[in-house]
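Trainee: heads up, no residue letters with this:
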RNA sequence: AGCGGGAUAGGUUAGCAUGGUUAGACCGACGGGCUCAUAACCCGUAGAUCGAUGGUUCAAAUCCAUCUCCCGCUACCA
């Protein structure tokens, strides 16, 4: 199909740090491939996404960096959009080169004022339709001279009303496991600021009536069973089976979109981020139309036309985001449709009809890309950052590796040896090398007899048939979002080219073109040019940079990315030639060199502060002086002596039955009974490695139950902040229980 | 611990929802060929008790049960 309106929605990256390769493989590369493919097919694609810029984590980052939240999001928004562009993602130009009727792209941000007003408008619509429920909640409030603030449950602790143990959280006790209402907790304290007075205050919040949509979502889900991937089906079913309940859409929050409501009870409240950021898909389309096309043009991508013709909606996201896109967002869309029809909650909502906002056609959610077996993690600095990667490597090599290794069905792994291997042995050896063979062989012909003068397609019917069948397979795979498979088929075409050359041995005829068999052999070599052209077009969604390079080297005009998808198998198109010296499409990678570089980077990372953009071009690497880490204050000696450190010997290490990350460690502390300490060392030590070690522990720490087991102290361990943790052990023998000073 | 997902040749994986061909592919290994090409290319060979056990069935990688290990979310990291 061609001329279809396709809305490609990309999960909004949180502007609280740079993007890493996990993000790219999961959410950002697949939609780019899809968009390029759809455009080549002649479809009208509008690509929307942007930075998600509200919420508490951003204010926390701002506080620790000593700047305001807007500066945080400005910084990461700029960094991320630039990195995505450098990766070749089509966020630019904003308008399709064929004109605004063909759509375009907008990478917006949720701090955009227009986004605020669109969200506020929708908020009022849903409110007026009775789709919000108003509830008074009791929430802890930290009283401060500068005004105070509400505290999320997990920032509060106190004494459990059930078992009376200390350290119970605001809504649940870890020791006995019971849950309770916030006001039942005894002597509550703020975790962040234990000195502050805490009181319970009533706070009113609005809840979106997801329950109203249960039935219609079940219907939608039933319709989608055939297109959804297994992980999407399972996750959505889970939610529907549990039964949908109203979900809070407002929050006691300072950084976000203020409630568009009058009344003192709404002061200091914002629209909850989940409810607001998803609407970006909608606001972004509207704003794109307003800024780059006609104001109403967004409707072509969002609304079912009066004759029932539907745009196609694709959402690209990671597995953690599935229910938001199959349950929550559809229910908001249907809520808006409902409200637009002047209906309220008393009428059951229905699936969208003509003139209404359309629901997703597919949510091809990806699993995760792991890094050397572990999860990408900002805090543990276990990550490869996109900006830093692109400084050192050809973006197409990354695009190739992530495409051929895409986490479509389960988690996959990024590691350097595999990256180098696949780039060298597949991308370069098969594809790059075939292209280079054709171009260098062709280049050796005399100028009076250019390659295409030898063309004779009657010798190439077998190749033509195979290429056409491969083209159909690539197309079908891409239509079903099977990226790995599609790229593999394209690579098969390159392999076919190598086979063809191998059998035709054109190099044996170059010196004497009058030999027997020369005509056929040279016809094959000449067909090699067409095969390169085919490859440039079919590889373009995956490898846009090298495709453009190849396009020029083939002597073609214009840009490869604007070529028609089916032109790849148009054997009638005029053959051309470019007599410049051919250059290899890619450069080989050297694993040892890369590993050395990595070590260098790791060193720099150790020395720098904990700003993960350290190895990013243009990021400020200054102020690495000897200044104390943020928040450090000097301690007077007396206070220090209050800490009682003692030596002990580990005599037994067992798993904690009720916690994944904890060991229960028995220590000989010189006393007869010994003592028990819970320690979060599972990630770093096996029990065998620990038993017998002489360690240092804090002896007079207030004992505390950790998921049911009393921990009497804390072992000292060194933590380098990026995943390395080592116990502090003793140099020589000394009896357990000796004081350390 | 609660919930969800996964396990297929040395590595990466397709197939599994709708049981039924010799379980398909890429990389690597091994043997041979080629010498145009970036230590590249081509041909061939070996390599899989489809995580384990039991069950349903004429038939199970595919469905069911139990178990083991991995991943994610949530909790926990004194």
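Mentor: That came through fine. None of these values were measured; they are calculated from a predicted model. Numbers count the residues shown, from 1 in each chain, chains lettered A, B, ... in the order given.

Trainee: burial of residue A:436, as a residue count?
Mentor: Residues contacting residue A:436 under the criterion other CB atoms under 10 Å number 18. (C-beta placed from N, C-alpha, C; glycine too.)

Trainee: Now the element after the host helix or strand of it, going C-ward?
Mentor: Assigned by DSSP states H and E, residue A:436 falls within helix A:433-443. Where DSSP H and E defines the elements, the next helix or strand beyond helix A:433-443 is helix A:461-479.

Trainee: Quick one: low-confidence residue ranges for the stretch 1-150 of chain A.
Mentor: The stretch 1-150 of chain A contains residues with pLDDT under 70 at A:1, A:145-149.

Trainee: Next up, the contacts around the closest residue to RNA strand B within it.
Mentor: Using CB to the nearest atom of the strand, the single residue of the stretch 1-150 of chain A nearest to RNA strand B is residue A:22, 9.7 Å away. Neighbouring residues of residue A:22 by CB atoms under 8 Å, 6 or more residues apart in numbering: A:368-371, A:375-376, A:383, A:414.

Trainee: One more pass at 7 Å, please.
Mentor: Contacts for residue A:22 (CB atoms under 7 Å, 6 or more residues apart in numbering) come out as A:368-369, A:376.

Trainee: Between the two ends of stretch A:418-426, how far is it?
Mentor: 11 Å (CA to CA, to the nearest Å).

Trainee: Show me what the helix holding residue A:436 is packed up against.
Mentor: Contacts defined by 3 or more CB pairs under 7 Å, 6 or more residues apart in numbering; DSSP states H and E place helix A:433-443 against helix A:483-504, helix A:518-539.

Trainee: To residue A:452, which of these lies closest?
Mentor: Checking these against residue A:452 by CB to CB gives helix A:518-539 as the closest, at 5.9 Å.

Trainee: For the stretch 301-450 of chain A, which segments are assigned as strands?
Mentor: For the stretch 301-450 of chain A, applying DSSP state E, counting those that start in this stretch gives strands covering A:312-316, A:369-371, A:374-375, A:412-414.

Trainee: between these, which gets the lowest average pLDDT?
Mentor: Lowest mean pLDDT of these: strand A:374-375, a mean of 71.

Trainee: Give me the contact status of it with RNA strand B.
Mentor: Yes: contact between strand A:374-375 and RNA strand B, assessed by CB under 7 Å from any atom of the strand, occurs at A:374-375.

Trainee: what lines up beside that strand in the sheet?
Mentor: strand A:369-371 (antiparallel) (DSSP bridges).

Trainee: Now do the strand it pairs with: distance to the chain's middle.
Mentor: From the chain centre to the centre of strand A:369-371 is a distance of 11 Å (CA atoms, centre = their mean, to the nearest Å).

Trainee: who's in contact with the nearest residue to residue A:544 once chain neighbours are set aside?
Mentor: Residue nearest to residue A:544 in three dimensions, not counting chain neighbours: residue A:88, with 4.7 Å by CB to CB, 6 or more residues apart in numbering. Under the criterion of CB under 7 Å, 6+ apart, the neighbours of residue A:88 are A:395, A:399, A:544-545.

Trainee: Please report phi then psi for residue A:88.
Mentor: Note on residue A:88: its backbone torsions stand at phi 90, psi 10 [degrees, to the nearest 10].

Trainee: Spell out which parts of the stretch 251-400 of chain A neighbour RNA strand B.
Mentor: Applying CB under 7 Å from any atom of the strand, we find that the stretch 251-400 of chain A lies next to RNA strand B at A:319-320, A:367-368, A:370, A:373-375.

Trainee: Check the stretch 401-550 of chain A too.
Mentor: Residues of the stretch 401-550 of chain A lying near RNA strand B by CB under 7 Å from any atom of the strand: A:405, A:407-413, A:418, A:421-422, A:424-426, A:428-430, A:432-434, A:436-437, A:440-441, A:484-485, A:488, A:491, A:495, A:498-499, A:501-503, A:505, A:507-508.

Trainee: Produce a ChimeraX select command limited to the buried residues of those.
Mentor: Applying 16 or more other CB atoms under 10 Å to those leaves a buried subset, and the ChimeraX line that selects it is:
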select /A:405,407,408,412,422,424,426,428,430,432,433,434,436,437,441,484,485,488,491,498,501
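
Trainee: Name the residue most distant from the centre of chain A?
Mentor: No residue in chain A sits farther from the centre than residue A:514, which is 58.8 Å out by CA atoms, centre = their mean.

Trainee: so is that one in a helix, a strand, or just coil?
Mentor: At residue A:514 the chain is in coil, as set by DSSP: H, G, I helix; E, B strand; the rest coil.

Trainee: need the contact list for it.
Mentor: Neighbour list for residue A:514: empty [criterion: CB under 7 Å, 6+ apart].

Trainee: quick revisit: tell me which two in the residues of the stretch 251-400 of chain A next to RNA strand B are the farthest apart.
Mentor: Spatially, the most separated pair among these is A:320 and A:373, at 19.2 Å (CB to CB).

Trainee: Which one's more surrounded, the two?
Mentor: Here residue A:320 and residue A:373 are compared on neighbour count by other CB under 10 Å; more neighbours surround residue A:320, at 13 against 9.

Trainee: What count of nearby residues applies to residue A:356?
Mentor: By other CB under 10 Å, 19 other residues sit near residue A:356.

Trainee: same thing with residue A:578?
Mentor: The burial count for residue A:578: 17, using other CB under 10 Å.

Trainee: That one: what's its closest spatial neighbour, skipping adjacent residues?
Mentor: Leaving out its chain neighbours, the residue that sits closest to residue A:578 by CB to CB, 6+ apart is residue A:555, at 3.3 Å.

Trainee: Can I get the helices and strands packed on helix A:433-443 in CSV including mean pLDDT?
Mentor: Converted to CSV, these look like this (pLDDT from 0 to 100):
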stretch, mean pLDDT
helix A:483-504, 95
helix A:518-539, 96
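
Trainee: Mean neighbour count, the ones you listed: which tops it?
Mentor: helix A:518-539 (a mean of 24; mean count of other CB atoms under 10 Å).

Trainee: what's the angle from that helix to helix A:433-443?
Mentor: 140 degrees (axes from the mean of the first three to the mean of the last three CA atoms, to 10 degrees).

Trainee: Distance from the chain centre to helix A:518-539, please.
Mentor: Using CA atoms, centre = their mean, the mean C-alpha position of helix A:518-539 is found 39 Å from that of the whole chain.

Trainee: What helices and strands are in contact with the helix or strand just after it?
Mentor: Note on helix A:518-539: by DSSP H and E, the next helix or strand toward the C-terminus is helix A:544-553. Here helix A:544-553 touches helix A:395-404, helix A:518-539, going by 3+ CB pairs under 7 Å, 6+ apart.

Trainee: again, only using 10 Å
Mentor: Judged by 3 or more CB pairs under 10 Å, 6 or more residues apart in numbering; DSSP states H and E, helix A:544-553 is in contact with helix A:29-40, helix A:395-404, helix A:433-443, helix A:518-539.

Trainee: in the second one, what's buried?
Mentor: Judged by neighbour count using 16+ other CB under 10 Å, the buried positions of helix A:395-404 are A:395-404.

Trainee: and if you look at stretch A:266-281?
Mentor: A:266, A:268-281.

Trainee: Please narrow these to those residing in strands.
Mentor: Mapping the buried residues of stretch A:266-281 onto strands (DSSP state E) picks out A:269-271.

Trainee: In CSV: these, plus pLDDT.
Mentor: Converted to CSV, those look like this (pLDDT from 0 to 100):
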residue, pLDDT
A:269, 87
A:270, 89
A:271, 91
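
Trainee: Pull the contacting residues for residue A:21.
Mentor: Going by CB atoms under 10 Å, 6 or more residues apart in numbering, residue A:21 touches A:28-29, A:369, A:371, A:376, A:383-386, A:389, A:398, A:401-402, A:414, A:419.

Trainee: if you set the cut-off to 8 Å instead, what comes out?
Mentor: If a contact means CB under 8 Å, 6+ apart, then residue A:21 has A:369, A:371, A:376, A:383-386, A:389, A:398, A:402, A:414 as its contacts.

Trainee: Cheers, nothing more for now.
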